[in-house]
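[1] quick check, what structure comes out for this input:
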Amino acid sequence: MNKFEEIKGIIDLKKLQNERKHEIQNASDAELPKKYPMNILEEELHPETQYLKITKIIDRDDAKSFVFVPDESKGTSKLAYFQAGQYISLKLHIGKSYCTRAYAISSTPKQALSGEYMLTIKLVKNGYVTPYIWENWKVGTEVAASGPAGQLFYEPLRDKKTIIAGGSGITPFYSMAGAIADGTIDANLIILYGSRTHNHILLGDELDRIAAKTDKVKVVNILSDEEVEGYEHGFINQAIIEKYAPADKNYSIYMSGPAAMIHFVNQEIKKLDLRPGQVRQEMSGSVNPYFFKNYPEEAKNKTFNMTVKTRDQIQVIPARSDESLLVAMERAGIIAPSSCRSGVCGACRSRVVNGKVFIPFPGRRAADSEYNYVNTCVTFPISDLTLQVPVHDYANMLG
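    Okay, here's the model as predicted:
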């Protein structure tokens, strides 16, 4: 740098300092906003907690549809917008347990804009949460939930124009069908709907009405436990998919249902020789680790001691080998983070300090494997262990 450039740099710096001083001296003394427009938009689209109130309940044999609106008395004035196929995770306090359950939103995004969500929930007679819901939820019941989440939705930049939607978890596909019918989604949807018998097909009449309105939605019912004229019989397999899918393989596959069904259909999909990225799936319900061939026999039907470190507390609780680490914590009354409960979202991610666990699904990040982080919702104890649980929003909300 020559002498002239050095002098010019000093002059420019002095000029900049004077300009800054002038701006500061003449600035408004009005208080700065506590929230900026971008922060407000982020909170509307991705709230950590939404407070809802039930306004309507529709009985559907062994299922019920619950219609929710914002609970303005708790501070929720507007429902977060969602993509058809996404879920919300309910935050429940049952007895001494704090737990979550993820349910796909069965209404359409346009209904959210008008101020309503609908969840259609099937009763699990020997379950823990749905019997509580059946007994306690009424019109006026207040419920806390997460913002919309999940990746089982149509993305035109990612997915093919034709979607083959398969499984017994019908609610995300019901929302998609409605969104296609009302013009929110521009895609073709072929639903391969697996049920046990024809007289208990959840939302079957409603799906038929949607399919009658648009040629972009087709419903194929597949019955596993009976043969009825006009219905396919058996399971969703390679032959069924190829029968109804485009011959050029220019389609995406979405799956929703229990772990056993997804495991079976995944084996069938491999035979289709599709390109990577054409298959998306979302598991519902709990996982039985004994179902997997690599589960260690010596750990079956045992209960282990799990030391849980959370905040400044240490608790030793029982952990059954057939239940996830998350369920063990919920049974013990520990407020543990969770959302999807299918090993995808990472909300329940915690560190195994010592001990052995069984993880039935592959795909952990390399760093998580190296430092022993797990998703507690799909991780099972096979020895005594110690678990470090992070501080999280749910615990903060409940104090």
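
[2] pLDDT below threshold where in the stretch 51-200 of the chain?
    Within the stretch 51-200 of the chain, no stretch has pLDDT under 70.

[3] ok, which stretches of it are strands?
    For the stretch 51-200 of the chain, the strands defined by DSSP state E, counting those that start in this stretch cover 63-70, 87-94, 97-104, 117-122, 142-145, 162-167, 188-195.

[4] looking at the ones you listed, which is buried most?
    Highest mean neighbour count among the strands of the stretch 51-200 of the chain (mean count of other C-beta atoms under 10 Å): strand 162-167, with a mean of 24. Just so you know, the C-beta spots here come from the backbone N, C-alpha and C atoms, and that holds for glycine as well.

[5] can you give me the offset of that strand from its chain's centre?
    In terms of C-alpha atoms, centre = their mean, to the nearest Å, the centre of strand 162-167 is found 18 Å from the chain centre.

[6] the strands of the stretch 51-200 of the chain: which one's closest to Gly343?
    When the strands of the stretch 51-200 of the chain are compared by C-beta to C-beta, strand 97-104 sits nearest Gly343, at 11.7 Å.

[7] partners of the closest one in the sheet?
    In the sheet containing strand 97-104, its partner strands are strand 87-94 (antiparallel), by DSSP bridges.

[8] need the contact partners of the strand it pairs with.
    Residues outside strand 87-94 that contact it (C-beta atoms under 8 Å, 6 or more residues apart in numbering): 49-50, 82, 98-105, 117, 119, 128-129, 132, 143-150, 172, 282, 338-341, 347, 394, 397-398.

[9] in TSV: the strands of the stretch 51-200 of the chain, plus distance to Thr379.
    Shown next, in TSV, are the strands of the stretch 51-200 of the chain (distance: least, C-beta to C-beta, whole Å):
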stretch	distance to Thr379
strand 63-70	30
strand 87-94	18
strand 97-104	16
strand 117-122	26
strand 142-145	24
strand 162-167	24
strand 188-195	28
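
[10] of those strands, which is nearest Val220?
    Closest of those to Val220 is strand 188-195, at 5.2 Å (criterion: C-beta to C-beta).

[11] give me the domain ranges for this protein.
    47-145, 162-283, 297-394 (automatic domain parsing).

[12] what is the burial count for Glu72?
    11 (other C-beta atoms under 10 Å).

[13] that should have said Val279, apologies.
    Val279, neighbours per other C-beta under 10 Å, totals 17.

[14] for the one 10 residues further on, same thing?
    If you count neighbours by other C-beta under 10 Å, Pro289 ends up with 24.

[15] now do Asp12
    By other C-beta under 10 Å, 10 other residues sit near Asp12.

[16] ok, it to Arg20 distance?
    13 Å (C-beta to C-beta, to the nearest Å).

[17] what's the closest of the domains of the chain to Phe291?
    Of all the domains of the chain, it is domain 162-283 that lies closest to Phe291, at 6.2 Å by C-beta to C-beta.

[18] can you give me the end-to-end distance of the closest one?
    For domain 162-283, the first and last residues are 21 Å from each other (C-alpha to C-alpha, to the nearest Å).

[19] and if you look at stretch 249-260?
    One end of stretch 249-260 to the other measures 25 Å (C-alpha to C-alpha).

[20] longest helix in the chain, please.
    Scanning the chain for the longest helix, with DSSP state H as the assignment, gives helix 3-25.

[21] now it: buried residues?
    Judged by neighbour count (16 or more other C-beta atoms under 10 Å), helix 3-25 contains no buried residues.

[22] hang on, the earlier thing: and of the strands of the stretch 51-200 of the chain, who's closest to Leu272?
    The closest of those to Leu272 is strand 162-167. By C-beta to C-beta, the value is 9.9 Å.

[23] which residues touch the nearest residue to Tyr251 once chain neighbours are set aside?
    Distances taken as C-beta to C-beta, 6 or more residues apart in numbering put Thr162 closest to Tyr251, at 4.1 Å, once the chain neighbours are dropped. Contacts of Thr162 were listed using C-beta under 8 Å, 6+ apart, and they are 187-190, 245-246, 250-252.

[24] in a markdown table, list the residues you listed along with distance to His263.
    Converted to a markdown table, the contacts of Thr162 look like this (distance: C-beta to C-beta, whole Å):
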| residue | distance to His263 |
| --- | --- |
| Ala187 | 27 |
| Asn188 | 27 |
| Leu189 | 24 |
| Ile190 | 22 |
| Ala245 | 21 |
| Pro246 | 25 |
| Asn250 | 26 |
| Tyr251 | 22 |
| Ser252 | 20 |
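
[25] include distance to Pro156 when you put the domains of the chain into a markdown table, please.
    As requested, the domains of the chain are exported to a markdown table (distance: least, C-beta to C-beta, whole Å):
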| stretch | distance to Pro156 |
| --- | --- |
| domain 47-145 | 12 |
| domain 162-283 | 7 |
| domain 297-394 | 22 |
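
[26] among those, which is nearest Ile24?
    domain 47-145 (36.4 Å).

[27] that closest one: end-to-end distance?
    Taking C-alpha to C-alpha, the first and last residues of domain 47-145 lie 9 Å apart.

[28] and Asp186, how far is that from Leu45?
    According to C-beta to C-beta, Asp186 stands 22 Å off from Leu45.

[29] typo on my end, it should be Ile11
    Per C-beta to C-beta, Ile11 is found 48 Å from Leu45.

[30] likewise for Tyr251?
    29 Å.
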